[in-house]
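Colleague: Fold the following, please.
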Amino acid sequence: MLALLVVPFVLAIVFWFVTAYWLWAPITGWLQAWLFDGGWMASVDAWAASHGFSGFAQWTVALLALLVVVPVMFASAVVIIAVFAMPMVIRHLGNGAYRDVAREGSMALAPSVWNAVSSTVLFTAGYIVSLPLWLVPPLALVVPWLWWSWLAARVMRFDSLVEHASAAERSASIAEHRRNYFVLALLVTLLNYVPPLFLITPVLSALAFAHYSLALLRQRRAATEVRPAWVSD
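Modeller: Numbering: from 1, shown residues only. Sure thing, here's the model as predicted:
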């Protein structure tokens, strides 16, 4: 578990350095041109400068650039943890508190990768489409949080069930508890706003989803075993 906490931190640091070196200037340049080369934002910048706040455009561009870069880092970490580290988390818990939950699934790497890739594509498309909403100050914080949570729920719920649940159990659990998975993701991804805790949010997400899915699977199987005896009375 300690190793799983270190790996995302190292990957995040590497990603930040690479992003800062290669992408920061293009991203900030594009945002500067999009927002402040004419239009009402340019008027706001001129008004701010006339009142002594000459750095309005620079601060706005830097903040929005961070709101673009951080989700990309988070999405990458979520996918890495879900596909490669979640099996280790599941085995750790399966050999401990959930040893009574039988493994009836499989190590389905291909479906797991496909789920991660398709989720990331949808996440990226939705994130880009929702960018104009960031111009409304409260939504600049709420929209990224909702998208982070959606991605975490979609990726983590699948990988937390795939090894222990059969295909039927996995489909039923996701269908019946989709909202609960999303709420769990909302709670965990709030840590993205608490530096430096956002560096370990993917690992904490994996632990939270693994605990929830295995407990859910245990409860489902216990209810299934009890039902026939009750029906026969």
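
Colleague: Show the contacting residues for Val79.
Modeller: Val79 makes contact with Ala116, Ser119, Thr120, Val155 under the criterion Cβ atoms under 8 Å, 6 or more residues apart in numbering. No exception for glycine: its C-beta is placed from N, CA and C like everyone else's.

Colleague: Look at the residue nearest to the second one when sequence neighbours are not counted and report its pLDDT.
Modeller: In space, not counting the residues next to it along the chain, Ser119 is nearest to Arg154; the distance is 4.6 Å by Cβ to Cβ, 6 or more residues apart in numbering. On the pLDDT scale, Arg154 is placed at 94.

Colleague: in the protein, which spans are helices?
Modeller: With helices called from DSSP state H, the chain shows them at 2-22, 24-36, 40-50, 56-80, 86-94, 109-129, 139-161, 167-176, 178-189, 201-232.

Colleague: for the shortest one, which positions count as buried?
Modeller: Of the residues in helix 86-94, those scored as buried under the neighbour-count criterion (16 or more other Cβ atoms under 10 Å) are Met86, Pro87, Val89, Ile90, Leu93, Gly94.

Colleague: Pull the residues that contact that helix.
Modeller: 1, 4, 101, 103, 107, 156, 159-160, 163-164, 206-207, 210-211, 214.

Colleague: roughly how far apart are the residue positioned nearest the centre of the chain and Ala77?
Modeller: Among the residues of the chain, Ala152 comes closest to the average C-alpha position under Cα atoms, centre = their mean, at 3.4 Å. Using Cβ to Cβ, to the nearest Å, Ala152 is found at 10 Å from Ala77.

Colleague: That's all I had, so thanks and see you.
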